[in-house]
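J.: missing the sequence, but the structure's below:
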């Protein structure tokens, strides 16, 4: 993640020019001097340090970009806000919705620009989907199915890192990747009001990092749930990091009353769009290759289909953040409050999986 | 449907030769003399009639193929069984599971070959999926998502035919097309033990057939549900006849512990198969074009990808039926009991949509 | 081929009703009594025989459908014409263009309806491509690339059947399957005026049918050529029966001045269409699933994407033939003259591959 | 292009770490002070200048990266080489093969690392194709079809910039994008020995940049040619910037004796691979999503399908260049000599299009 953010910060002004701000990679903080020095060089920062607290208190610094382990998000974010810094924080915002709410409240009260790292929804094809929906291009939304399916932790020999422990990660596939699927659905169809989920654990023991013996996994490998939107639409969300064949299968299918849309990150540069108003003999999903005619596509290359990559969606995230800092927009698309709402959905899903009942989702 | 069945009966011996039986299209029954005479000629039958009862009692006739409105299935099937005929009945077997169970019990007690028209699962690509699963090619099944999504009744100007009335059709999209999606899931992953569903009605009034005024629709336009299999796997099933962009989007995605499979009728001649045992740099879904190397593919053309169509899956259905009549196989794949089990799932889904609770599915 | 034609004749009235004629499968001719009797039963004919000459002279018979080995086409066709029969002949019409021209001339002079078996162009998606071109939906055609690529003779253990002998087959992949690719290009973009080709032989010896020893192959396994159309457009045609991975990869890509089209038989039920007039942010190839809104699609199923198969394109061929017999259309789409023109292209390609020069194509 | 190169230089050490060198963006040269100052800031260089000559003579500078108009390549490259600099030059190396040959000879004689900007072949999926071919995964290559098709200059209102003038651009679509398609074919199947081409001009006049009146275009909008490889394989190459529907359709299809491969930049992160040795019922093109298991894929993200973009292929180009500077590899993959060979093919194509004859290609 340090890699992705650094790449985005370095390339942002090259892509977006003229831009409201030219980000200076000033101070990078790592857990020890050696790592800090290496990262400073590798990622092109002016200074290196080992105290995040000094960074958040440094008067020279305007923006804090937080990539620490999930369990530390709360403390660092709150300190940064207390110092009046604009804040970018990787998702999940916090291990619980209560903490996340405090963070969102604090940021809003302090009037600092705040953003959670939901870059997946910022891909031009996803932004185009939203734009088409807002323009009425598919009518009224009837259902949304979204998903993030991978296989990267299907192998039981992957050791017992923090992601497999509930007290450090909050949840497993649900929070790690399902959160992006939740964000897709919320972004496209609005607030979710109730969920009903199922969670699976396929690998229950993993090798200890120490090298001998195994320890218990206590998070989900796969979570799926049905959901209801405030709008009346309904949906389904799947997340799994143990789905063989799925690599980065993150996407959605939105069915409206007059058209539909679908997207899969595995073809990140394209959106499928069906317009029911096309004449009967010429109807069909259009494979729209994104480019300069699409949202944020003008940052990149002059020809559709030239392809942008994962890091480029982080560039869009930085651009979205800096537009809010500059006051061009009121706030970033993916504020802390958006992060909170996603966490609220996750908590309701976990509860519903235990109770077997439709569980309401709080949205504030 | 008369068309599809007649085509299948006529072409069965041309495709499958030598075959255990040469079907004679002997007697066709229609609602009046004119229609009967026309159908006799069009579909190449020896005789025409207007009494289904005479047909089921005719000693010259061995097999009764029933394509009457759903509401009549029970009576005709029971009479045919009582007369010792082998019976093919279009789905749904009956308007209620109780009736369907009587029919299955009666057929089994009488020892007649009985088949319900779940031809969709008989497509070679679907049969190949089952074969691969049985061979362990994807390991243990973790989840199955299946669906039948179309847009053919999205248009609110489609008049209020019997399919939109619960007392004649039983249910809407759920029974009409969702039943095939249920059959896909059951076929591939076994009995379903619990469901939790949501039903939608998008068009509540439709023009009366009489030409003036409208009347109320009382069936679902779309139904979706989560489900649990007896095996411990879970899944999701979607059916809608009001999903713009979807034409004949009937298919499934099966995730196993070491591989996965997916299929969509819109590319009926192919199966996507991922084998997690392929070497790391050569892994990827294989697009398998079905042909002579695949189940029932040898009936058709000597080259994969030559393409078979909808009617050809009815040929496979006839072949499956006649193999059972000949005693080559114990019973057809899609017996009445399979039809019953699908209906039991549908009833549980409807109940769960009302109660909002996980609802157990009876399997006998 | 007897199978495909019989299926088409049997199912034609079931699909196309009311139809101008109800084809009676009257007399089937085979090389001996046993085969004739078997075929009569299997394919549902009234009578069986072993003399094609008796058939063409039989006053009860109106249409002769010729599926004999290529080398016999000329004699049978000419006799049928001489007896005033309407004639369907499988491609290639004859081993040389000179013979084919005689056949076309004779049929036209006799005023009989004549058709060569280019059913591949009759698929609804291909007919839709032609319709869109004629409607100006892609502007002026700039280039056409067409192809028929398979792998069915890549295996060197396939024995030395007549298809591998120039004196019996005329040519190899070029005539066997390339002829359909030529027909696609000609159908969509008009007459071809010059070609420049390359031919390959990958397997030079094959096992004798006798079971011991091998004999020389003297036809092409693969032929590719560039071409010029009378219109000024240019193109490329590839044919190979030794292209691993390609199963029934028969199709085309047409680039026009304002749009484009592509098709591959491996997805026979769909056409890709790009309309450059779509707005900049909604442009993209449309995947059009064929159905009742498309040419001949109304013969089959009421829902797009239900799928038709290879035999169904033979139904369309019969329908096209009988429309001409009935006088509804002036002539079938794929007259003998179309067959002749394809053969003329093939002869020019072979000549050009030898000379290494652009070779003009005669078109009459 | 300055954008793409700057992004690559900035992100190279972030992706590739530890790396042999940490590139310092030291001096950027532009045509005037204002542009130079802006570019310095935007692209993060230490210094700005307006004299390329001072840059190539600057003893502090080790590598010259040349993005000047094609017509200036020769002079700048030769000066850089004369000063012992390692040189990166965008394609085409020069307006004529003779100049390109001088440049390649000079660079080799001087022993400087030299690279031409054929980054398209450096995409991991393309590199994987080459690796599979080298490993024998498709047997012996029989044919290669490659292409670069776009529509970006189809619009006749695009003004008469230098790319439409032969004396400044050398050729049109052929050199601009066809050169990459040539490079694909040469990379995968080796030297090309003869060509036979056709060139088209669809727009013959374009608006003058001055704003009033039009002037003549004298380069090709589309060029297509057949070709022969030294290996005995044959192929076809298409390039067009006036092909509606094609956005960045750059790719290839390679048919071998036991398998085949295909690639299209529009899905840049994936390769289609068919292995004829897979069992008969499980054969099919594999959609391989590239990631850490594939060539250069380990530079980027830990999960296949995360997606890299156009600029990332420039990172691979820099990595390839610096490996050669470090002596880890003997030379970059895309040396000036490779650039020369591509130009030699282009010249032969233009000659053949005029003469209508197969034209030999010199390869040195």
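T.: Arrived safely, thanks for sending. Since the structure is predicted, the reported quantities are computational estimates derived from the model, not experimental observations.
J.: tell me who's in contact with residue A:227.
T.: A:185, A:192, A:194-196, A:234-237, A:345, A:361 (C-beta atoms under 8 Å, 6 or more residues apart in numbering or on different chains). The way it works is simple: take the backbone N, C-alpha and C, and place the C-beta from them, glycine included.
J.: that one: what secondary structure?
T.: Following DSSP: H, G, I helix; E, B strand; the rest coil, residue A:227 is assigned to strand.
J.: what's the pLDDT at it?
T.: Here, the pLDDT recorded for residue A:227 equals 98.
J.: and it, how far is that from residue A:262?
T.: 18 Å (C-beta to C-beta, to the nearest Å).
J.: who wins for most neighbours among the contacts of residue A:227?
T.: The most crowded member of the contacts of residue A:227, judged by other C-beta atoms under 10 Å in any protein chain shown, is residue A:345 (31 neighbours).
J.: tell me the SS of that one?
T.: helix.
J.: over to the one 4 residues further on?
T.: Three-state call for residue A:349 (three-state DSSP): helix.
J.: ok, now which ones touch it?
T.: Listed by C-beta under 8 Å, 6+ apart, the contact set of residue A:349 reads A:174, A:195, A:197, A:199, A:223, A:225, A:359.
J.: which non-adjacent residue is nearest it?
T.: residue A:197 (4.1 Å; C-beta to C-beta, 6 or more residues apart in numbering or on different chains).
J.: so the one you found bridges to which residues?
T.: On the basis of DSSP bridges, residue A:197 is bridged to residue A:225.
J.: ok, it - how many residues close by?
T.: There are 27 residues near residue A:197, going by other C-beta under 10 Å.
J.: what residues does the stretch 101-250 of chain A have near chain B?
T.: Proximity of the stretch 101-250 of chain A to chain B (C-beta under 8 Å from any C-beta of the partner chain) is limited to residues A:138-139, A:142-143, A:145, A:149, A:151, A:154, A:196, A:198, A:200, A:202, A:222, A:224-226, A:228, A:234, A:236, A:238, A:240, A:242-246.
J.: quick one, helices of the stretch 251-364 of chain A?
T.: A:310-326, A:336-355 (DSSP state H, counting those that start in this stretch).
J.: do you know which of these lies nearest residue B:310?
T.: Across these, residue B:310 has its closest neighbour in helix A:336-355 (39.5 Å, C-beta to C-beta).
J.: that older thread, which one of the contacts of residue A:227 is nearest chain D?
T.: residue A:237 (19.3 Å; C-beta to the nearest C-beta).
J.: which bits of the stretch 51-200 of chain A sit near chain D?
T.: Going by C-beta under 8 Å from any C-beta, the residues of the stretch 51-200 of chain A near chain D are A:150, A:152.
J.: what residues are up against the residue in the stretch 51-200 of chain A positioned nearest to chain D?
T.: Nearest to chain D, among the residues of the stretch 51-200 of chain A, is residue A:152, at 5.3 Å (C-beta to the nearest C-beta). Residue A:152 makes contact with A:241, D:302-303, according to C-beta under 8 Å, 6+ apart.
J.: and which of those residues is nearest to chain C?
T.: For these, the nearest to chain C is residue D:303 (27.1 Å; C-beta to the nearest C-beta).
J.: how far is the least confident helix or strand in chain A by mean pLDDT from where the chain is centred?
T.: Ranking every helix and strand in chain A by mean pLDDT, DSSP states H and E puts helix A:166-169 at the bottom, with a mean of 91. Taking C-alpha atoms, centre = their mean, to the nearest Å, the mean C-alpha location of helix A:166-169 is offset from the chain mean by 18 Å.
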